[in-house]
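Enquirer: Show me how the following folds:
(chains A and B)
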Amino acid sequence: MDVTVDVVGEDTHELTVDAETTYADLVRETGWSPQEVTVLVDGTPVPEDQRVTVDHVTILRLIKGGSQRA
Amino acid sequence: MFSLSADQRRWLFERAEHGAPREVCGVLGGYWSGNDATVTTLISVSNTAAEPRIRYELEPQAQLRAIESIEEQRELIGFYHSHPCGPAEPSETDKRLATWPDVVYVIVSLEPTQTVTAWDWDGHEFSKRNVSII
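Expert: Down below sits the predicted model:
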């Protein structure tokens, strides 16, 4: 299945996935780590260990940090 | 240069004071002129970090809505967050977790004095921008 992956503020990727591909796999294909981003389908976050079942996905880089180490 | 109005700076301090001791955060929009950024829009976004007194994380859906709202008429400038107890510079945690090059990271510090600083992230290090109050 072909999937369009929009990385907000970056490029759009056209990827081909199989039935076992997860959203975390898609994230890694775009060069990001699943810990650095959230994956949204139609504006709603999806579990990254879930298999890809749609043809359009949005990847949003998380904005986080803090004044001190936890 | 990073430019914002006195009212916008006051808004940031008020948000930071109201949220203290928790860190507050949000999205900044405006326009770029070459490498100079001017703020026209500030959108507060919920901090969903597990330890909001020392960490911040923009709530993803609200972050996306804010960016999309800004980009309807303006450009994404960057993101702000507060350091209620200072410092007015990126922490090691900020450096470790930064993910967006080519935007401005703004820090609103309340201690020891109220200060707004602006920083560029190149993927490895933060570098300071001059802040102009317009």
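Enquirer: Go through the least confident helix or strand in chain B by mean pLDDT and flag the buried ones.
Expert: Lowest mean confidence among the helices and strands of chain B (mean pLDDT, DSSP states H and E): helix B:92-97, at a mean of 91. Applying a neighbour-count criterion of 16 or more other C-beta atoms under 10 Å in any protein chain shown, one finds B:Thr93, B:Asp94, B:Leu97 buried in helix B:92-97. Just so you know, the C-beta spots here come from the backbone N, C-alpha and C atoms, and that holds for glycine as well.
Enquirer: chain center to it, what's the gap?
Expert: Offset of helix B:92-97 from its chain centre (C-alpha atoms, centre = their mean, to the nearest Å): 14 Å.
Enquirer: picking that back up, now, which of the buried residues of helix B:92-97 sits nearest B:Cys25?
Expert: B:Cys25 lies nearest to B:Asp94 out of those, by C-beta to C-beta, at 11.6 Å.
Enquirer: show me what contacts the nearest residue in space to that closest one that is not next to it in sequence?
Expert: Spatial nearest neighbour of B:Asp94, chain neighbours left out: A:Gly65 (3.7 Å); criterion: C-beta to C-beta, 6 or more residues apart in numbering or on different chains. Applying C-beta atoms under 8 Å, 6 or more residues apart in numbering or on different chains to A:Gly65 gives the contacts B:Arg55, B:Tyr56, B:His81, B:Pro90, B:Ser91, B:Thr93, B:Asp94, B:Lys95, B:Arg96, B:Leu97, B:Ala98.
Enquirer: now do B:Ile77
Expert: Going by C-beta under 8 Å, 6+ apart, B:Ile77 touches B:Leu28, B:Gly29, B:Gly30, B:Tyr31, B:Trp32, B:Ala37, B:Thr38, B:Val39, B:Val103, B:Val104.
Enquirer: That concludes my questions; thank you for your assistance.
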